[in-house]
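*Asks:* this one's sequence-less:
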Ligand SMILES: CSC[C@H]1O[C@H](OP(=O)(O)O)[C@H](O)[C@@H]1O
Ligand SMILES: Nc1ncnc2[nH]cnc12
(Lines give C-alpha, C1' and ligand atoms only; values in the text may rest on other atoms or scores of the structure.)
(Ligands and ions follow the chains in the order given, each with its own letter.)
Protein backbone atom coordinates (compact mmCIF):
# COMPACT_ATOMS: atom_id res chain seq x y z
CA UNK A 1 0.00 0.00 0.00
CA UNK A 2 3.03 2.30 0.21
CA UNK A 3 3.23 2.44 -3.59
CA UNK A 4 0.30 4.60 -4.61
CA UNK A 5 -1.62 3.63 -7.72
CA UNK A 6 -4.63 4.96 -9.64
CA UNK A 7 -6.54 7.54 -7.66
CA UNK A 8 -3.95 7.32 -4.88
CA UNK A 9 -1.23 8.29 -7.38
CA UNK A 10 -3.34 11.27 -8.39
CA UNK A 11 -3.57 12.26 -4.74
CA UNK A 12 0.18 11.90 -4.33
CA UNK A 13 0.69 14.22 -7.30
CA UNK A 14 -1.64 16.75 -5.71
CA UNK A 15 0.29 19.81 -4.53
CA UNK A 16 -1.33 19.68 -1.08
CA UNK A 17 1.33 18.81 1.48
CA UNK A 18 1.52 17.69 5.08
CA UNK A 19 0.80 20.55 7.51
CA UNK A 20 3.52 21.92 9.80
CA UNK A 21 3.44 21.23 13.57
CA UNK A 22 2.71 24.96 14.12
CA UNK A 23 -0.34 24.79 11.84
CA UNK A 24 -1.60 21.65 13.55
CA UNK A 25 -1.27 23.31 16.94
CA UNK A 26 -3.13 26.40 15.77
CA UNK A 27 -5.97 24.41 14.18
CA UNK A 28 -6.36 21.90 17.06
CA UNK A 29 -8.21 19.47 14.78
CA UNK A 30 -9.93 16.88 16.97
CA UNK A 31 -12.84 15.76 14.80
CA UNK A 32 -12.57 13.89 11.50
CA UNK A 33 -15.45 13.35 9.09
CA UNK A 34 -15.47 10.55 6.52
CA UNK A 35 -17.93 11.21 3.72
CA UNK A 36 -19.53 8.20 2.06
CA UNK A 37 -21.32 7.83 -1.27
CA UNK A 38 -22.60 11.25 -2.37
CA UNK A 39 -20.67 13.22 0.27
CA UNK A 40 -17.50 14.56 -1.34
CA UNK A 41 -17.19 17.86 0.56
CA UNK A 42 -18.47 19.63 3.65
CA UNK A 43 -21.12 22.33 3.18
CA UNK A 44 -21.39 25.39 5.41
CA UNK A 45 -17.80 25.35 6.67
CA UNK A 46 -15.03 27.79 5.74
CA UNK A 47 -12.13 26.08 3.97
CA UNK A 48 -8.82 26.73 5.75
CA UNK A 49 -6.42 24.34 3.97
CA UNK A 50 -6.18 21.19 1.90
CA UNK A 51 -3.57 18.68 3.02
CA UNK A 52 -2.47 15.31 1.73
CA UNK A 53 -0.36 13.51 4.33
CA UNK A 54 1.75 10.58 3.12
CA UNK A 55 1.43 7.89 5.77
CA UNK A 56 3.39 4.61 6.07
CA UNK A 57 0.32 3.04 4.37
CA UNK A 58 0.24 5.49 1.50
CA UNK A 59 -2.03 8.44 0.75
CA UNK A 60 -5.66 8.81 1.85
CA UNK A 61 -8.44 8.27 -0.65
CA UNK A 62 -8.82 12.02 -1.14
CA UNK A 63 -6.87 15.09 -0.08
CA UNK A 64 -8.13 16.13 3.35
CA UNK A 65 -9.82 19.49 3.74
CA UNK A 66 -9.41 21.42 6.98
CA UNK A 67 -12.41 23.70 7.51
CA UNK A 68 -13.79 25.71 10.37
CA UNK A 69 -17.31 26.56 11.48
CA UNK A 70 -18.65 29.85 12.83
CA UNK A 71 -17.39 29.07 16.34
CA UNK A 72 -13.87 28.48 15.00
CA UNK A 73 -13.87 24.69 15.46
CA UNK A 74 -11.65 23.02 12.86
CA UNK A 75 -12.56 19.67 11.29
CA UNK A 76 -10.79 17.36 8.86
CA UNK A 77 -12.81 15.85 6.04
CA UNK A 78 -12.01 13.11 3.55
CA UNK A 79 -14.09 11.43 0.85
CA UNK A 80 -14.00 7.64 1.36
CA UNK A 81 -14.28 6.73 -2.31
CA UNK A 82 -12.16 9.68 -3.55
CA UNK A 83 -13.42 12.97 -4.98
CA UNK A 84 -14.48 11.24 -8.20
CA UNK A 85 -15.81 8.08 -6.49
CA UNK A 86 -13.02 5.98 -7.98
CA UNK A 87 -12.24 3.59 -5.11
CA UNK A 88 -14.49 0.53 -4.84
CA UNK A 89 -15.52 -0.41 -1.29
CA UNK A 90 -12.91 -3.22 -1.46
CA UNK A 91 -10.04 -0.93 -2.53
CA UNK A 92 -10.53 2.12 -0.29
CA UNK A 93 -7.09 2.74 1.31
CA UNK A 94 -8.54 2.44 4.80
CA UNK A 95 -5.22 2.23 6.74
CA UNK A 96 -4.04 5.45 5.06
CA UNK A 97 -7.39 7.15 5.71
CA UNK A 98 -7.35 6.35 9.41
CA UNK A 99 -3.60 7.00 9.83
CA UNK A 100 -3.76 10.34 8.02
CA UNK A 101 -6.65 11.57 10.21
CA UNK A 102 -4.74 10.43 13.29
CA UNK A 103 -1.61 12.28 12.08
CA UNK A 104 -3.59 15.52 11.99
CA UNK A 105 -4.57 15.15 15.65
CA UNK A 106 -8.05 13.70 15.13
CA UNK A 107 -9.45 11.90 18.20
CA UNK A 108 -13.03 11.22 17.07
CA UNK A 109 -14.34 10.15 13.67
CA UNK A 110 -17.88 10.62 12.43
CA UNK A 111 -18.36 8.44 9.35
CA UNK A 112 -21.27 8.46 6.90
CA UNK A 113 -22.50 5.52 4.86
CA UNK A 114 -25.29 4.89 2.37
CA UNK A 115 -27.00 1.62 3.36
CA UNK A 116 -29.70 -0.76 2.29
CA UNK A 117 -32.50 -1.43 4.77
CA UNK A 118 -33.21 -5.00 5.88
CA UNK A 119 -36.29 -3.96 7.90
CA UNK A 120 -39.67 -2.63 6.86
CA UNK A 121 -39.56 0.06 9.58
CA UNK A 122 -36.27 1.52 8.29
CA UNK A 123 -37.49 3.39 5.23
CA UNK A 124 -35.31 4.87 2.49
CA UNK A 125 -34.09 8.34 3.64
CA UNK A 126 -34.15 7.28 7.33
CA UNK A 127 -31.01 7.66 9.44
CA UNK A 128 -29.57 4.81 11.50
CA UNK A 129 -26.84 4.99 14.14
CA UNK A 130 -25.84 1.32 14.51
CA UNK A 131 -24.46 -0.27 17.66
CA UNK A 132 -23.35 -3.61 16.19
CA UNK A 133 -21.90 -4.96 12.98
CA UNK A 134 -21.56 -8.32 11.26
CA UNK A 135 -18.46 -8.77 9.11
CA UNK A 136 -19.26 -10.29 5.72
CA UNK A 137 -16.15 -8.96 3.95
CA UNK A 138 -14.10 -11.72 2.37
CA UNK A 139 -10.54 -11.23 3.59
CA UNK A 140 -9.39 -9.31 0.51
CA UNK A 141 -9.19 -5.98 2.37
CA UNK A 142 -6.38 -5.16 4.70
CA UNK A 143 -8.10 -5.58 8.06
CA UNK A 144 -5.48 -4.54 10.62
CA UNK A 145 -2.49 -2.23 11.13
CA UNK A 146 -0.75 -5.24 12.69
CA UNK A 147 0.71 -8.41 11.22
CA UNK A 148 0.06 -7.72 7.54
CA UNK A 149 2.14 -6.42 4.65
CA UNK A 150 5.13 -4.37 5.86
CA UNK A 151 3.81 -4.74 9.41
CA UNK A 152 4.42 -8.50 9.60
CA UNK A 153 6.09 -9.53 12.84
CA UNK A 154 3.74 -7.83 15.28
CA UNK A 155 0.48 -9.34 16.47
CA UNK A 156 -2.33 -7.39 18.16
CA UNK A 157 -5.91 -8.28 19.08
CA UNK A 158 -8.06 -5.20 19.66
CA UNK A 159 -11.30 -5.44 21.67
CA UNK A 160 -14.25 -5.09 19.29
CA UNK A 161 -17.28 -6.35 21.19
CA UNK A 162 -18.73 -2.84 20.98
CA UNK A 163 -17.56 -1.83 17.51
CA UNK A 164 -18.66 1.81 17.80
CA UNK A 165 -17.67 4.24 20.54
CA UNK A 166 -20.29 3.85 23.26
CA UNK A 167 -19.89 7.48 24.34
CA UNK A 168 -20.05 8.99 20.86
CA UNK A 169 -22.82 6.75 19.51
CA UNK A 170 -25.66 7.87 21.85
CA UNK A 171 -24.64 11.51 21.46
CA UNK A 172 -24.65 11.21 17.67
CA UNK A 173 -28.07 9.52 17.75
CA UNK A 174 -29.54 12.20 20.05
CA UNK A 175 -28.24 15.18 18.09
CA UNK A 176 -29.13 13.61 14.73
CA UNK A 177 -32.69 13.08 16.02
CA UNK A 178 -32.99 16.64 17.37
CA UNK A 179 -31.55 18.17 14.20
CA UNK A 180 -33.66 16.16 11.77
CA UNK A 181 -36.81 16.86 13.78
CA UNK A 182 -36.23 20.51 12.86
CA UNK A 183 -34.91 20.33 9.30
CA UNK A 184 -36.44 17.11 7.91
CA UNK A 185 -39.29 16.02 10.20
CA UNK A 186 -40.29 13.08 7.99
CA UNK A 187 -36.88 11.44 8.44
CA UNK A 188 -36.79 8.93 11.31
CA UNK A 189 -33.62 8.19 13.29
CA UNK A 190 -33.10 4.59 14.46
CA UNK A 191 -30.62 3.59 17.13
CA UNK A 192 -29.26 0.28 18.48
CA UNK A 193 -29.34 -1.47 15.11
CA UNK A 194 -27.06 -4.08 13.57
CA UNK A 195 -25.22 -3.35 10.33
CA UNK A 196 -23.97 -6.02 7.94
CA UNK A 197 -20.84 -5.11 5.97
CA UNK A 198 -20.61 -7.19 2.79
CA UNK A 199 -17.83 -7.32 0.23
CA UNK A 200 -19.58 -6.20 -2.95
CA UNK A 201 -19.26 -4.54 -5.35
CA UNK A 202 -22.41 -6.39 -6.54
CA UNK A 203 -25.46 -6.03 -4.33
CA UNK A 204 -26.76 -9.10 -2.44
CA UNK A 205 -28.92 -11.87 -3.85
CA UNK A 206 -32.40 -12.23 -2.43
CA UNK A 207 -31.27 -15.36 -0.55
CA UNK A 208 -28.38 -13.49 1.05
CA UNK A 209 -30.60 -10.56 1.95
CA UNK A 210 -33.09 -12.92 3.67
CA UNK A 211 -30.21 -14.66 5.47
CA UNK A 212 -28.91 -11.33 6.84
CA UNK A 213 -32.41 -10.60 8.18
CA UNK A 214 -32.50 -14.02 9.86
CA UNK A 215 -29.10 -13.26 11.41
CA UNK A 216 -30.47 -10.07 12.97
CA UNK A 217 -29.05 -7.59 10.47
CA UNK A 218 -31.01 -4.33 10.16
CA UNK A 219 -28.99 -2.46 7.51
CA UNK A 220 -26.35 -3.39 4.96
CA UNK A 221 -23.40 -1.60 3.38
CA UNK A 222 -19.99 -2.36 1.89
CA UNK A 223 -17.70 0.06 3.66
CA UNK A 224 -18.00 0.24 7.44
CA UNK A 225 -15.31 -2.43 7.75
CA UNK A 226 -12.39 -2.49 8.20
CA UNK A 227 -12.80 1.26 8.84
CA UNK A 228 -14.32 0.79 12.32
CA UNK A 229 -11.70 -1.87 13.17
CA UNK A 230 -8.76 0.30 12.14
CA UNK A 231 -10.18 3.30 13.99
CA UNK A 232 -10.31 1.10 17.10
CA UNK A 233 -6.69 -0.01 16.58
CA UNK A 234 -5.67 3.64 16.21
CA UNK A 235 -7.45 4.33 19.55
CA UNK A 236 -9.98 6.72 18.01
CA UNK A 237 -13.61 7.21 19.00
CA UNK A 238 -15.64 6.20 15.93
CA UNK A 239 -19.37 6.40 15.19
CA UNK A 240 -21.28 5.70 12.00
CA UNK A 241 -24.29 7.52 10.61
CA UNK A 242 -25.98 5.27 8.09
CA UNK A 243 -28.51 6.76 5.70
CA UNK A 244 -30.91 4.32 4.07
CA UNK A 245 -31.26 4.45 0.29
CA UNK A 246 -33.19 1.24 -0.55
CA UNK A 247 -34.75 -2.01 0.74
CA UNK A 248 -31.96 -4.23 -0.63
CA UNK A 249 -33.34 -7.47 -2.16
CA UNK A 250 -35.40 -9.21 0.54
CA UNK A 251 -38.88 -7.91 -0.38
CA UNK A 252 -40.39 -10.56 -2.67
CA UNK A 253 -42.78 -8.31 -4.57
CA UNK A 254 -40.29 -5.49 -5.18
CA UNK A 255 -37.48 -5.04 -7.69
CA UNK A 256 -34.12 -5.73 -5.98
CA UNK A 257 -31.85 -2.73 -5.40
CA UNK A 258 -29.95 -1.00 -8.22
CA UNK A 259 -27.69 2.06 -8.34
CA UNK A 260 -30.37 4.32 -9.88
CA UNK A 261 -32.58 3.80 -6.82
CA UNK A 262 -29.67 4.48 -4.48
CA UNK A 263 -28.70 7.70 -6.27
CA UNK A 264 -32.29 8.96 -6.34
CA UNK A 265 -32.36 8.76 -2.56
CA UNK A 266 -28.85 10.03 -1.96
CA UNK A 267 -29.57 13.66 -2.86
CA UNK A 268 -32.01 14.10 0.02
CA UNK A 269 -29.83 12.05 2.36
CA UNK A 270 -26.76 14.14 1.59
CA UNK A 271 -28.53 17.42 2.32
CA UNK A 272 -29.78 16.06 5.64
CA UNK A 273 -26.32 14.63 6.43
CA UNK A 274 -24.71 18.06 5.92
CA UNK A 275 -27.14 19.60 8.45
CA UNK A 276 -26.50 16.81 10.96
CA UNK A 277 -22.74 17.21 10.52
CA UNK A 278 -22.98 20.95 11.18
CA UNK A 279 -24.92 20.25 14.38
CA UNK A 280 -22.53 17.55 15.59
CA UNK A 281 -19.11 19.12 15.11
CA UNK A 282 -19.09 21.34 18.22
CA UNK A 283 -20.56 18.76 20.64
CA UNK A 284 -18.10 16.10 19.44
CA UNK A 285 -15.20 18.55 19.58
CA UNK A 286 -16.18 19.41 23.17
CA UNK A 287 -15.84 15.73 24.13
CA UNK A 288 -12.28 15.44 22.81
CA UNK A 289 -11.07 19.02 22.94
CA UNK A 290 -7.76 18.33 24.69
CA UNK A 291 -5.65 15.38 25.73
CA UNK A 292 -7.11 15.48 29.25
CA UNK A 293 -10.67 14.98 27.95
CA UNK A 294 -12.38 11.91 29.40
CA UNK A 295 -13.20 10.46 26.00
CA UNK A 296 -9.63 10.84 24.75
CA UNK A 297 -8.37 9.08 27.87
CA UNK A 298 -11.00 6.36 27.47
CA UNK A 299 -9.54 5.36 24.09
CA UNK A 300 -5.86 6.21 24.40
CA UNK A 301 -3.75 3.36 25.70
CA UNK A 302 -6.38 0.68 25.03
CA UNK A 303 -4.04 -1.09 22.59
CA UNK A 304 -1.33 -1.50 25.27
CA UNK A 305 -2.88 -4.79 26.38
CA UNK A 306 -3.68 -5.89 22.82
CA UNK A 307 -0.16 -6.16 21.44
CA UNK A 308 0.91 -9.77 22.04
CA UNK A 309 4.37 -9.79 20.48
CA UNK A 310 7.30 -9.34 22.86
CA UNK A 311 8.85 -5.97 22.10
CA UNK A 312 12.33 -7.42 21.47
CA UNK A 313 10.83 -9.59 18.71
CA UNK A 314 9.11 -6.74 16.84
CA UNK A 315 11.14 -5.89 13.72
CA UNK A 316 12.88 -2.49 13.99
CA UNK A 317 11.33 -1.49 10.65
CA UNK A 318 7.82 -1.96 12.08
CA UNK A 319 8.30 0.08 15.28
CA UNK A 320 8.09 3.58 13.72
CA UNK A 321 5.00 2.45 11.82
CA UNK A 322 3.32 1.40 15.09
CA UNK A 323 4.38 4.73 16.60
CA UNK A 324 2.67 6.57 13.71
CA UNK A 325 -0.74 5.38 14.91
CA UNK A 326 0.14 4.81 18.59
CA UNK A 327 2.56 7.59 19.57
CA UNK A 328 2.97 6.15 23.12
CA UNK A 329 4.59 3.01 21.64
CA UNK A 330 8.21 3.24 22.72
CA UNK A 331 9.57 -0.32 22.44
C1 LIG B 1 -23.60 3.53 -3.98
S2 LIG B 1 -24.30 2.02 -3.46
C3 LIG B 1 -23.06 1.04 -2.66
C4 LIG B 1 -22.02 1.78 -1.88
O5 LIG B 1 -22.67 2.76 -1.07
C6 LIG B 1 -22.14 2.69 0.22
O7 LIG B 1 -20.96 3.47 0.25
P8 LIG B 1 -20.58 4.35 1.52
O9 LIG B 1 -20.65 3.42 2.69
O10 LIG B 1 -19.22 4.88 1.28
O11 LIG B 1 -21.63 5.44 1.60
C12 LIG B 1 -21.90 1.19 0.37
O13 LIG B 1 -21.09 0.88 1.49
C14 LIG B 1 -21.30 0.84 -0.92
O15 LIG B 1 -19.93 1.10 -0.93
N1 LIG C 1 -28.53 -2.55 -0.55
C2 LIG C 1 -27.27 -2.23 -0.31
N3 LIG C 1 -26.33 -3.18 -0.11
C4 LIG C 1 -25.05 -2.84 0.17
N5 LIG C 1 -24.61 -1.57 0.22
C6 LIG C 1 -25.51 -0.60 0.01
N7 LIG C 1 -25.36 0.74 0.00
C8 LIG C 1 -26.57 1.27 -0.27
N9 LIG C 1 -27.50 0.30 -0.44
C10 LIG C 1 -26.86 -0.87 -0.27
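*Replies:* Yep, that arrived. The shown structure was predicted, so the numbers you read here are calculated from the model rather than taken from an experiment. Ligands and ions are numbered 1, 2, ... in the order given.
*Asks:* so what's the spatially most central residue of the chain bridging to?
*Replies:* For the chain, the residue nearest the mean C-alpha position is residue 111 (4.0 Å; Cα atoms, centre = their mean). Listed beta-bridge partners, residue 111: residue 34, residue 240 (assigned using DSSP bridges).
*Asks:* residue contacts, the residue of the chain found nearest ligand 2?
*Replies:* Residue nearest to ligand 2 within the chain (Cβ to the nearest ligand atom): residue 116, separated by 2.2 Å. Where you see a C-beta, it was placed from the backbone N, CA and C, and this is true even at glycine. The contact partners of residue 116, by Cβ atoms under 8 Å, 6 or more residues apart in numbering, come to 203-204, 209, 219-221, 244-248, 257.
*Asks:* out of those, which are inside helices?
*Replies:* residue 209 (DSSP state H).
*Asks:* Which of the contacts of residue 116 ranks first by neighbour count?
*Replies:* Top of the contacts of residue 116 by neighbour number is residue 220, holding 31 neighbours under the definition other Cβ atoms under 10 Å.
*Asks:* which residues of the stretch 201-331 of the chain score low on pLDDT?
*Replies:* For the stretch 201-331 of the chain, the stretches flagged by pLDDT under 70 are 331.
*Asks:* and if you look at the stretch 51-200 of the chain?
*Replies:* Nowhere does the stretch 51-200 of the chain drop to pLDDT under 70.
*Asks:* Is the residue in it positioned nearest to ligand 1 in a helix, a strand, or coil?
*Replies:* Proximity of the stretch 51-200 of the chain to ligand 1 (Cβ to the nearest ligand atom) peaks at residue 113, 3.3 Å away. With DSSP: H, G, I helix; E, B strand; the rest coil as the basis, residue 113 sits in strand.
*Asks:* Kindly report the residues of the protein close to ligand 1.
*Replies:* 36-37, 80-81, 89, 113-114, 221-223, 262 (Cβ under 6 Å from any ligand atom).
*Asks:* Return only those of the residues you listed found close to ligand 2.
*Replies:* Contacts with ligand 2 within these, as defined by Cβ under 6 Å from any ligand atom: 114, 221-222, 262.
*Asks:* Distance to residue 288 added to those residues, as a markdown table?
*Replies:* Below are these laid out as a markdown table (distance: Cβ to Cβ, whole Å):
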| residue | distance to residue 288 |
| --- | --- |
| 114 | 26 |
| 221 | 25 |
| 222 | 28 |
| 262 | 32 |
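*Asks:* Quick check: of these, which lies closest to residue 57?
*Replies:* residue 222 (20.3 Å; Cβ to Cβ).
*Asks:* Can you give me the neighbour number for that closest one?
*Replies:* Around residue 222 there are 25 residues (other Cβ under 10 Å).
*Asks:* Mind listing residues that contact the helix or strand hosting residue 175?
*Replies:* In the assignment (DSSP states H and E), residue 175 maps to helix 168-183. For helix 168-183, the external contacting residues (Cβ under 8 Å, 6+ apart) are 108, 110, 127, 129, 131, 187, 189, 191, 237-239, 241, 272, 275-276, 279-280, 283-284, 287, 295.
*Asks:* sorry, back to before: show me what contacts the residue nearest to the centre of the chain?
*Replies:* 33-34, 36, 80, 224, 227-228, 238-241.
*Asks:* redo that, cut-off 7 Å
*Replies:* 34, 227, 238, 240 (Cβ atoms under 7 Å, 6 or more residues apart in numbering).
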